[in-house]
Every structure is written in C-alpha cells, then in structure tokens.
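K.L.:
Please work out how this folds:
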Amino acid sequence: MKIAMVAQHATPLHPRSGASPRPDDTGVRELSRVLARQGHEVTVYAQKRRPDAPDHAELDGVRIEHIPAGAVGKPSDAELLAQVPAFSDPLRRRWCERRPDVVHAVNWTSGLAALSAARGLGIPVVQSFSSLGVADSRDHPALDATPPPPPARLRLEPAIGRSADAVMAASSAVMSDLTRLGVPRTQVRCVPWGVDTGKFAPEGPAADRNGRPRLLTAADLKEHEALVTLLRALTKVPHAELMVVGGPVRDRLIQDAAYHELASMTSALGLSDRVIFTGRVDRDEMPSLLRSADLVLSTCAYEPSGVTSVEAMACGRPVVAPPTGGHMDAVVDGTTGIIIPPGRPALLAQRIRQLLAHPMLMEAYGVAAADRAKSRYSWDRIAAETTAVYDHALQAAA
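P.N.:
Residues are numbered from 1 along each chain as shown. From the prediction side, this is the model:
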C-alpha cells in the first residue's frame, strides 16, 4: 500500500525531546517506520520547521519530505492554519504526479491540507485526532504559557471529521467527543499512539537510587496545581522521595520562574531533601528513570494521550493517574495501577502509603502493567489497527 502521512506540525526526523514530548512527533516517526517494515511504501509530509531540515530524507525505509510553507521555528496553531494553503498546494501537485492509495492526516491543520490536496483525486483520507479543541477548552485550565485553542479549530475539527473517509481517535474520550460533535460513530475507530516496548521494558538499566521509596512524575513545571497536589501528598508519605522530570534542561532550571515557585513551596513544606527536579531529560534516559521508580504518578487535570503512563507501564511500573484522557484507557484501576481524582492530596497520600506498604501487590501491578502495555500498545499492534482503518477507508471510498 502507498501511504501518504501528512503531519504539518510534526518533526519526525528530530522528535522534540523531553519527559513527555508531543505524542504526534514520536507517533508519526514510530508508526511510519513499522508500516514501512511491514512492506508498505510510506511518505511523511511535514512542514519545514528547521533551517537545516533537508527537502528529502529517508528514515528506516520511510521517505520524509519537508515542504517550505512559512517561517521556520515553532508556529502556533493559528500560524499553521494560515500556512495551510502554502502547504497543501505542493501536496496536490505531488499526488497528481504520484498518487498514493491512502492519505493519513495527523492533527487538524494537516487534515485541512490533506482534504484540500486530495479533492477530486479519488484518494481516501483518514484523519487522526490525538486531542480536540473542545476538550482542551473544557478540561484543561489554561497554563501560564499555553494559549487557548483558536476559534477556527473548534469550528473546523468537526467538519474535518465528517469530511474524512475514516477517523482515528487516540482515546475513547476523544472518540466520545467526536460523536457528540456530529461525526458518525461508525466512522470512528479508537487507535491510540503506541510505545516502543523494546526500549520501554522491565528489563534494562535503572537510574541510581538512594534507598528511599521513589515516586516519579513527568510534567511541565507550569502544571502548578498538579505538582502542588503531589508536594502536599508527599508531606504525608514519610521517607519517600519525589522525582520531577520536566521543564527546561537542568542547567537552566535556575532561570525558570515556574521552577522557582515550586522550589519555594518545596522548601516551605520542609521537603527540599526529598524532592529532585531533574529538568528536561533526553528521551533515551526515560526508561532507566522510570525503572528506578516504585510508583509513577500523574495528577494533571487533563492529559489527552497518557503517553508517560503507558511508557511507565511498559517498564513494569504501577501508575497512579486521574480519570482523564488516555489514562482511562491505559490504566486498569486495581490491576495495573490506581485511578484517583485530581486535586485530592490526602487521598493520594493514603493510596501511595498503602501501595508502598505492600511490595507484593505493587509487583503484581507492575507485571500486569507491562503485560498490558505490550499486548495493547506495541507499535506492531497499533500498525495493524491502523492498516485496518486504511482498508475501511478504501472500501468506503470505492
């Protein structure tokens, strides 16, 4: 099958680093590589975001084409929307010359570009949604540096979903929102982003420990309320330490206002010797950090992908997470971890103490977590489910 994957916003050759990167970056890269390994001819079309990005490149059998469509850098959603015509016109010319069997658009502006480029060519279009503007507005209190979704996104995402031949939702929550927005239920399949179960696995090196029970969270330091919940919970979990992975690189933490605010609260709560701020780490370091933890925690009120929870599960670590977004699909309450409402530090501390007091229970959770991650979230399975959606779109368009 000739697959054209359109990811205007992504950087597949250079996935953005950090403890919890944009899942689309890693997802486009990994999914396209697995599809190519299975014998499909895959071309990824991305907007040229870096001045050193080549016009054409190859990555493990995947052809990457960077299309100049505006200034390089990190455009906002509104800027990407304005650049859609300049991005879609070259797509159409290339598809007229070399027609793909199916187009897979990742993210809403990519969907606009793909639908425009494929119009009248008889090429089925599959649309992926990792999150939706309506959910970002409803469920995610605005972070200090995070602008609200542009009104155009709220208006256009339902239209894109209804216009595509098939739709892939990264979680059941996204799927439910799509159907509420008028996208036919029969048109939507729940296909999450996967995890590299070779890299994220129970076996392998673990970061150094100091003898204390270790709790780990991967978060943007601007997620102030979520991190304050963890700090308050830690005051009621004697002897445990909390590792906070995220923010700017360690050398620049001292210049970060969000870090200073959290460090001040840590000191005021008497936790300075039990909280470790690592700063942003390279993705290759994450498996060993996750393996070094006894529990991996998330207290964010909104996390559409739940990618870090899945990676922790793949490393055989139980997860404590809120009942939101991808966590609800990934974490089986009482089997691979625990689901706890956000903003409840006393309850969170109680559950953490209970788990730390029962090592055999945590070990059972960890075994079940690794099994679930490998069976449900391996890229081979995600690729198989994706090609099934492609087949459905081809039949629908026939």
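
K.L.:
switch to C-alpha atoms for all contacts and neighbour counts from now on
P.N.:
OK.

K.L.:
for the helix or strand containing residue 157, packing partners?
P.N.:
Assigned by DSSP states H and E, residue 157 falls within helix 151-163. The contact analysis (3 or more Cα pairs under 8 Å, 6 or more residues apart in numbering; DSSP states H and E) places helix 151-163 against helix 108-118, helix 133-139.

K.L.:
who touches it?
P.N.:
Contacts to helix 151-163, defined as Cα atoms under 8 Å, 6 or more residues apart in numbering, come from residues 108, 111-112, 115, 127, 132-134, 167, 178, 181-184.

K.L.:
residue ranges of the strands in this protein, please?
P.N.:
2-6, 41-47, 56-59, 62-67, 102-106, 125-129, 166-169, 188-190, 214-218, 241-249, 275-280, 295-297, 319-321, 337-339 (DSSP state E).

K.L.:
Nearest to residue 376, out of these?
P.N.:
strand 188-190 (12.0 Å; Cα to Cα).

K.L.:
Okay, buried residues for that closest one please.
P.N.:
188-190 (16 or more other Cα atoms under 10 Å).

K.L.:
Only the buried residues of the lowest-mean-pLDDT helix or strand in the chain, if you could.
P.N.:
Between all helices and strands in the chain, the lowest mean by mean pLDDT, DSSP states H and E belongs to helix 133-139, at a mean of 81. Residues 133-136 are the ones in helix 133-139 that count as buried (16+ other Cα under 10 Å).

K.L.:
for stretch 31-39, same thing?
P.N.:
31-36.

K.L.:
got the CA coordinates for it in PDB?
P.N.:
Included here for stretch 31-39 are C-alpha records, laid out as PDB according to Å, rounded to 0.1, in the frame of the first residue of the first chain:
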ATOM      1  CA  LEU A  31       4.200   4.300  13.200                       C
ATOM      2  CA  SER A  32       5.600   5.100   9.800                       C
ATOM      3  CA  ARG A  33       8.700   3.000  10.500                       C
ATOM      4  CA  VAL A  34       6.700   0.000  11.500                       C
ATOM      5  CA  LEU A  35       4.400   0.300   8.400                       C
ATOM      6  CA  ALA A  36       7.500   0.500   6.200                       C
ATOM      7  CA  ARG A  37       8.900  -2.600   7.900                       C
ATOM      8  CA  GLN A  38       5.700  -4.400   7.100                       C
ATOM      9  CA  GLY A  39       6.200  -3.700   3.400                       C
END
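
K.L.:
what does it contact?
P.N.:
1, 5, 41-42, 44, 59-62, 379-380, 382-383.

K.L.:
OK, contacts around residue 340?
P.N.:
Per Cα under 8 Å, 6+ apart, neighbours of residue 340: 320-323, 347-348.

K.L.:
Going along the chain, name the helices of the stretch 201-350 of the chain.
P.N.:
Ranges of helices within the stretch 201-350 of the chain are 224-234, 257-268, 286-291, 307-314, 327-330, 345-356, based on DSSP state H, counting those that start in this stretch.

K.L.:
highest average neighbour count across the ones you listed?
P.N.:
Per-stretch averages of neighbours, counted by mean count of other Cα atoms under 10 Å, single out helix 307-314 among the helices of the stretch 201-350 of the chain, with a mean of 29.

K.L.:
other SSEs contacting it?
P.N.:
helix 286-291, strand 295-297, strand 319-321, helix 327-330, helix 359-377.

K.L.:
if you set the cut-off to 6 Å instead, what comes out?
P.N.:
Where contact means 3 or more Cα pairs under 6 Å, 6 or more residues apart in numbering; DSSP states H and E, helix 307-314 is packed against helix 359-377.

K.L.:
Would you mind giving the domain segments of the protein?
P.N.:
As given by automatic domain parsing, the domain ranges for the chain are 2-194+378-397, 214-376.

K.L.:
Name the residues that touch stretch 185-205?
P.N.:
27, 166-171, 179, 287-288, 314-316, 377-379 (Cα atoms under 6 Å, 6 or more residues apart in numbering).

K.L.:
Would you mind listing the two of these that lie farthest apart?
P.N.:
Once Cα to Cα is applied, the contacts of stretch 185-205 give 179 and 288 as the farthest pair, at 39.4 Å.

K.L.:
Residue 216: neighbour count?
P.N.:
25 (other Cα atoms under 10 Å).

K.L.:
Tell me the bridge partners for it.
P.N.:
Taking DSSP bridges, one obtains residue 243, residue 296 as the residues bridged to residue 216.
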